[in-house]
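Participant: fold the following.
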Amino acid sequence: MGVVVAAAGRGERMGGSVLKQFQPVAGVPMLLHALRPFLSHPEVADVIAVLPAEAAASPPEWLAGLLGERLRAVAGGATRMDSVEAGLRALPAECRIVLVHDGARPFPEPAVIDAVIGQARRGAGAIAAIPVADTLKEAEPGAGGAARVRSTVPRAGLWRAQTPQGFPRALLETAYASARAAGRNGTDEAALVEQAGGEVVLVADSPTNLKVTSPGDLRLAEAIAATRR
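Facilitator: Down below sits the predicted model:
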């Protein structure tokens with residue numbers, strides 16, 4: 001089984017001189033938090049960290065010391081789709097189940113990883129997700145630059161997709177080939193599988209598996225990490 005950890009983004013919303021995925025969370029680089037549950041999983045044989053090209057060529061010391069046969073770094077591409085596909089190509093052919101995880105999600109739960117693997121083993125795509133709890137509003141541009149509510153969207157049956165996502169490798173490769181042939185660029189692997197006609201199921205996840213995109217998210221991640229010490 002193989003894992004692709006997508007960490008090739010620049011994190012422009014975060015700001016600062018350090019790549020977002022290398023920012024410390026409770027003293028540990030965010031990407032390392034994201035990698036550890038997969039590196040410690042007994043069924044995971046290979047992990048590919050997809051990084052910006054310069055970071056893949058010259059990884060930070062804390063990551064370089066971990067690289068070897070089980071964990072490798074490869075350069076990402078211009079889009080998430082390019083980056084995940086680069087990671088997929090780097091996995092050995094023997095990896096017939098593939099998980100994809102965001103490197104900016106530092107707290108994937110082991111039980112959720114196991115559940116995603118189980119669904120992928122039975123032949124389906126699987127997404128870690130949480131039910132939408134907030135009221136949703138559809139909006140349109142309004143006076144003075146403020147958005148004006150057009151309608152309230154029923155939230156019943158709506159879920160927020162997270163990662164890890166897991167797939168039989170053949171299903172994911174078929175989805176990528178179909179998207180390339182149709183000229184589609186996807187930011188969510190499960191959506192590509194859906195568009196290719198594959199089955200995708202939801203695995204209930206935890207809200208603590210947040211994606212860090214802003215300084216406020218980083219502060220929240222610090223608070224979550226403090227509860228796990």
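Participant: can you show me the helices along the chain?
Facilitator: 30-39, 53-57, 61-64, 80-90, 110-121, 169-182, 189-195, 215-227 (DSSP state H).
Participant: chain center to the longest strand that the chain contains: distance?
Facilitator: Counting residues, the longest strand found in the chain (DSSP state E) is strand 159-168. Centroid separation for strand 159-168 versus its chain: 8 Å, with CA atoms, centre = their mean, to the nearest Å.
Participant: pull it out as CSV, backbone CA atoms only.
Facilitator: Provided in CSV are the C-alpha atoms of strand 159-168 (Å, rounded to 0.1, in the frame of the first residue of the first chain):
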residue,chain,number,x,y,z
TRP,A,159,-20.6,16.6,3.8
ARG,A,160,-17.2,18.5,3.8
ALA,A,161,-14.5,16.5,2.0
GLN,A,162,-11.2,16.1,3.8
THR,A,163,-8.3,13.7,3.5
PRO,A,164,-7.0,11.0,3.5
GLN,A,165,-8.8,9.7,0.4
GLY,A,166,-8.2,6.1,-0.6
PHE,A,167,-8.6,4.2,-3.9
PRO,A,168,-7.7,1.0,-5.7
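Participant: any idea how many residues pack against residue 70?
Facilitator: Counted with other CB atoms under 10 Å, residues neighbouring residue 70 total 12. Just so you know, the C-beta spots here come from the backbone N, C-alpha and C atoms, and that holds for glycine as well.
Participant: contacting residues around it?
Facilitator: By CB atoms under 8 Å, 6 or more residues apart in numbering, the residues touching residue 70 are 39, 45-47.
Participant: please apply the same query to residue 175.
Facilitator: By CB under 8 Å, 6+ apart, the contact list for residue 175 reads 167, 189, 192-193, 195-196, 198.
Participant: give me the buried subset of these.
Facilitator: Taking 16 or more other CB atoms under 10 Å as the criterion, what is buried in these is 167, 189, 192-193, 196, 198.
Participant: nearest to residue 143 among the residues you listed?
Facilitator: Closest to residue 143 out of the buried ones among the contacts of residue 175 is residue 192 (39.0 Å), distances taken as CB to CB.
Participant: wait, the closest one touches residue 184, no?
Facilitator: Yes - counting by CB atoms under 8 Å, residue 192 touches residue 184, with 7.4 Å between them.
Participant: and the end-to-end length of stretch 64-79?
Facilitator: 24 Å (CA to CA, to the nearest Å).
Participant: list the buried residues in it.
Facilitator: Neighbour-count burial for stretch 64-79 [16+ other CB under 10 Å]: 66, 71-76.
Participant: so which of those residues are in strands?
Facilitator: Applying DSSP E to those, the entries found in strands are 71-75.
Participant: any chance of CSV for the residues you listed, columns pLDDT?
Facilitator: As requested, these are exported to CSV (pLDDT from 0 to 100):
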residue, pLDDT
71, 98
72, 98
73, 98
74, 98
75, 97
